[in-house]
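>>> sequence and computational prediction follow.
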Amino acid sequence: MSQNIPPPIPSLVPETAPFSEEQRTWLNGFFAGLISLDSSGVTALTGDQAAALLGGAPGGASAKDDDGGAPWHDQTLPITERMSLASGKPLRWKMMAAMAQQDCGQCGYDCKNYSGAIVSGAEQRLNLCVPGGKETARMVKALAEELKTAPKPAAPVAAPPAAAAVPSAAPGSSRDNPSTVKILSRTLLNKPGSEKQSWHVEFDLTSSGIEYNVGDAFGLFPANDPALADAVIKALGAPADFPIGNRTLREVLIDGVSLSPAPDMLFQLFSYITGGDRRQKARALSTGDDPDGDAATLDVLAAIEKFPGIHPDPEAFIEALDPLQPRLYSISSSPKPDPNRVSLTVDTVRYKIGSRERLGVCSTLLADRIEPGATLRGYVQKAHAFGLPTDPKVPIVMIGPGTGIAPFRAFLHERQAVKAPGRNWLFFGHQRSDYDFFYEDELKAMRSSGHLSRLTLAWSRDGDTKIYVQDRMRDSGRDLWEWIAEGAHIYVCGDAKRMAKDVELALVDIVAQHGARTPEEASAFVSELKKKGRYQQDVY
Ligand SMILES: Cc1cc2nc3c(=O)[nH]c(=O)nc-3n(C[C@H](O)[C@H](O)[C@H](O)COP(=O)(O)OP(=O)(O)OC[C@H]3O[C@@H](n4cnc5c(N)ncnc54)[C@H](O)[C@@H]3O)c2cc1C
Ligand SMILES: NC(=O)c1ccc[n+]([C@@H]2O[C@H](COP(=O)([O-])OP(=O)(O)OC[C@H]3O[C@@H](n4cnc5c(N)ncnc54)[C@H](OP(=O)(O)O)[C@@H]3O)[C@@H](O)[C@H]2O)c1
């Protein structure tokens, strides 16, 4: 029994080293983590060594982050650029630069704290960055290898991770402590004729212990389509009831592992059990090469089909796959009218590669494979730096095309419930006004009542020219500038890769034009808005 009790963290940082009790505790854990990563056996560190690891000057400087402003912390930059911005920096920051920089919380941390937890040894799982995909997974793995061999004391690292990195034990309050929630209803938000299928999904939180605030996201643990699991079993030529621990192969394929995309480890496994050209190909795919130009399309089934007749041991096969991760959705309701209900606004992911339709795991589970009354495991991912201003009088501008409207519906409901006097301006956009006007009746009613001071719409496929939210922002640039000058907070939600960047560029232009600033000054002004928490993003 006693072997399950972890040994006490050794006291590696001398009592005389210039750290507070809290810092010393964290440092002891940090160094213990390093030792566990390396068998060379560090026994104790001098105060100077410890200070060097933290980035403080020997002999007394305080433990400070020295990320140089983290220029890589920009989700629109490709990984190559992020790594080059972190080049020459300590491993701690290279590790952070390898993350997708969305601070999306899917891994249970933000980018800084996830990388910090890996470097400290507190987090062993290297493949949790969903938006970073394989590129991030490969880089993190390579950096973790470097970490094992890095000389100690290493180059400066960050100060202790924020308390937010420690998962809460309350039920449903983190991905490590999910609770059970029941689906109450599912309503299609698009009208017949739309190219999209997005759903308003409501959940019952009664007895779940879950509490949330507007701005938070909701995490759901999905399950793969059983038909896809069956197709994988058939392609493997393995029995569906093959035991994997105390479960069957089929059960694990449904709710234990990701079936898309095929991870490097799977190709590595294939390279061990096949020969000749096929071995070369599998080896190339396992290192990120793309010998046939189809690597990006290979989910687990397609990977098996690419090597016909391959029959890996089912247990080794499962071990080579990534765990199935929860998916996050911006909450689109306020708890004020009913704390036992939460709603999400979910776009259904379906696309075709070759002759097979690929199905987004969680979005199609919610759309097609689960009915009201069914239960799922879920949790709240607390927002960091995304929420309503504390002063209800402060005006807000919300920019949320597509499912990006979700948190803004929540904001509007919250402000309505608390009778906040601040003005509300929503920019919403989607493909077509006839089919894709989410929450149309509700928004129009809020507009009529005056709760929504302004509603500005951008339809990208109504005419010959694409009109996007940022075009409408520019059209209303003078008014927007006035709102900003009066202290408005600005919020953006939706696509991280293109929309968020374009909206920010439009904002800089508006500040330059109507705020009489040079482009550089306007850019600095917008950066300052961000720093002050007056420009907040929830992008994915
Ligand atoms: C903080 C946060 C908030 C979010 N809020 C929302 C929200 O409010 N509403 C919402 O709908 N989503 C939201 N998302 C996205 C959501 O978490 C899921 O990523 C999304 O629902 C897809 O998950 P899935 O399991 O259905 O698809 P997956 O099985 O994860 O498949 C999606 C993957 O398929 C691939 N793919 C998708 N389309 C194509 C294509 N056309 N061609 C080739 N490959 C493609 C991409 O690699 C994509 O990552 C949010 C994400 C985050 C991080
Ligand atoms: N991880 C995932 O798999 C997943 C799941 C759901 C959503 N998403 C992503 O999250 C985002 C939201 O998806 P969604 O269904 O809510 O809507 P969406 O696909 O983002 O579309 C919403 C509106 O935004 C427009 N748009 C496209 N490019 C834009 C840009 N650069 N600037 C401003 N507007 C732009 C679209 O126009 P046009 O399309 O006509 O150009 C459409 O009118 C998308 O990027 C989507 O890919 C990802």
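Cool, got the structure. Ligands and ions are numbered 1, 2, ... in the order given.

>>> contact residues of the stretch 151-300 of the chain facing ligand 2?
Within reach of ligand 2 by C-beta under 6 Å from any ligand atom, the stretch 151-300 of the chain has these residues: Lys196. C-betas here are computed from N, CA, C, even on glycine.

>>> low-scoring stretches of the stretch 151-300 of the chain, by residue?
Across the stretch 151-300 of the chain, the ranges flagged by pLDDT under 70 are 151-168.

>>> residues near Cys107, how many?
25 (other C-beta atoms under 10 Å).

>>> and it, how far from ligand 1?
10 Å (C-beta to the nearest ligand atom, to the nearest Å).

>>> thought that residue was touching Tyr114?
Yes - using C-beta atoms under 8 Å, Cys107 is in contact with Tyr114, at 4.9 Å.

>>> please enumerate the helices of the stretch 1-150 of the chain.
21-37, 47-54, 79-85, 91-98, 111-120, 133-149 (DSSP state H, counting those that start in this stretch).

>>> mind listing the shared neighbours of Cys107 and Tyr114?
128-129 (C-beta atoms under 8 Å, 6 or more residues apart in numbering).

>>> on that earlier part again, of the helices of the stretch 1-150 of the chain, which shows the lowest average pLDDT?
The weakest mean pLDDT among the helices of the stretch 1-150 of the chain belongs to helix 47-54, with a mean of 38.

>>> which residues of the stretch 51-200 of the chain lie near ligand 1?
Close to ligand 1, as judged by C-beta under 6 Å from any ligand atom, the stretch 51-200 of the chain has residues 104, 106.

>>> for ligand 1, give me its nearest residue in the stretch 51-200 of the chain.
Closest approach between the stretch 51-200 of the chain and ligand 1, counting by C-beta to the nearest ligand atom: Cys104, at 3.4 Å.

>>> if I look at that residue, how far off is Lys134?
According to C-beta to C-beta, to the nearest Å, Cys104 stands 17 Å off from Lys134.

>>> higher neighbour count, those two?
Between Cys104 and Lys134, counted using other C-beta under 10 Å, the more crowded position is Cys104 (22 against 16).

>>> what distance do you get for the more buried one to ligand 2?
Where ligand 2 is concerned, Cys104 sits at a distance of 10 Å (C-beta to the nearest ligand atom).

>>> ditto for Thr465
Distance from Thr465 to ligand 2, by C-beta to the nearest ligand atom: 11 Å.

>>> quick check: that residue vs Asp471, distance?
Distance from Thr465 to Asp471, by C-beta to C-beta: 9 Å.

>>> for the most centrally placed residue in the chain, phi and psi?
In the chain, the residue lying closest to the centroid (C-alpha atoms, centre = their mean) is Cys104, at 2.9 Å. The phi/psi pair for Cys104 (degrees, to the nearest 10) reads phi -80, psi -20.

>>> wait, it touches Leu328, no?
Yes - contact criterion C-beta under 8 Å: Cys104 and Leu328 qualify, at 6.3 Å.

>>> give me the common contacts of the two.
In contact with both Cys104 and Leu328: 217, 540, using C-beta under 8 Å, 6+ apart.

>>> so what are the sheet partners of whichever strand in the chain runs longest and their directions?
Assignment by DSSP state E gives strand 179-188 as the longest strand of the chain. Strand pairing for strand 179-188, determined by DSSP bridges: strand 198-204 (antiparallel), strand 375-381 (antiparallel).

>>> would you mind giving these as a markdown table with mean neighbour count added?
Below are those laid out as a markdown table (neighbours: other C-beta atoms under 10 Å):
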| stretch | mean neighbour count |
| --- | --- |
| strand 198-204 | 21 |
| strand 375-381 | 22 |
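
>>> want to throw the ones you listed into CSV with distance to Val214?
Output for the strands paired with strand 179-188, formatted as CSV (distance: least, C-beta to C-beta, whole Å):
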stretch, distance to Val214
strand 198-204, 16
strand 375-381, 12
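
>>> enumerate the residues of the stretch 401-540 of the chain near ligand 2.
Counting by C-beta under 6 Å from any ligand atom, the residues of the stretch 401-540 of the chain near ligand 2 are 401-404, 429-431, 460-461, 466, 468-470, 494-495, 498-499, 502, 540.

>>> residues touching the residue of the chain found nearest ligand 2, list them.
Relative to ligand 2, the nearest point of the chain is Gly402 (2.4 Å; C-beta to the nearest ligand atom). Residues in contact with Gly402 (C-beta under 8 Å, 6+ apart) are 196, 198, 347, 429-430, 494-495.

>>> so which of the residues you listed belong to helices?
Applying DSSP state H to those, no entry is found in helices.

>>> which one of these is nearest ligand 1?
Closest to ligand 1, out of all of the contacts of Gly402 and judged by C-beta to the nearest ligand atom, is Asp347, at 3.8 Å.

>>> check what pLDDT the closest residue in space to Val232 that isn't next to it in sequence gets.
Leaving out its chain neighbours, the residue that sits closest to Val232 by C-beta to C-beta, 6 or more residues apart in numbering is Leu301, at 5.3 Å. We have a pLDDT of 98 for Leu301.

>>> by contact count, what packs against the host helix or strand of Leu301?
Assigned by DSSP states H and E, Leu301 belongs to helix 300-306. Helices and strands touching helix 300-306, by 3 or more C-beta pairs under 8 Å, 6 or more residues apart in numbering; DSSP states H and E, are helix 226-236, helix 264-273.

>>> chain center to the first one: distance?
What it means is helix 226-236. Distance of helix 226-236 from its chain centroid, counting by C-alpha atoms, centre = their mean, to the nearest Å, is 28 Å.

>>> what about that helix, near ligand 1?
No - against ligand 1, helix 226-236 shows no contacts by C-beta under 6 Å from any ligand atom, the least distance being 10.4 Å.

>>> wait, Ile210 touches Lys182, no?
No - checked against C-beta under 8 Å, the pair Ile210 and Lys182 is beyond contact range at 11.6 Å.

>>> the more surrounded of the two?
Neighbours per residue (other C-beta under 10 Å) separate Ile210 from Lys182, with Ile210 holding more: 24 against 17.

>>> could you look up the SS state of the more buried one?
Counting by DSSP: H, G, I helix; E, B strand; the rest coil, the backbone at Ile210 sits in coil.
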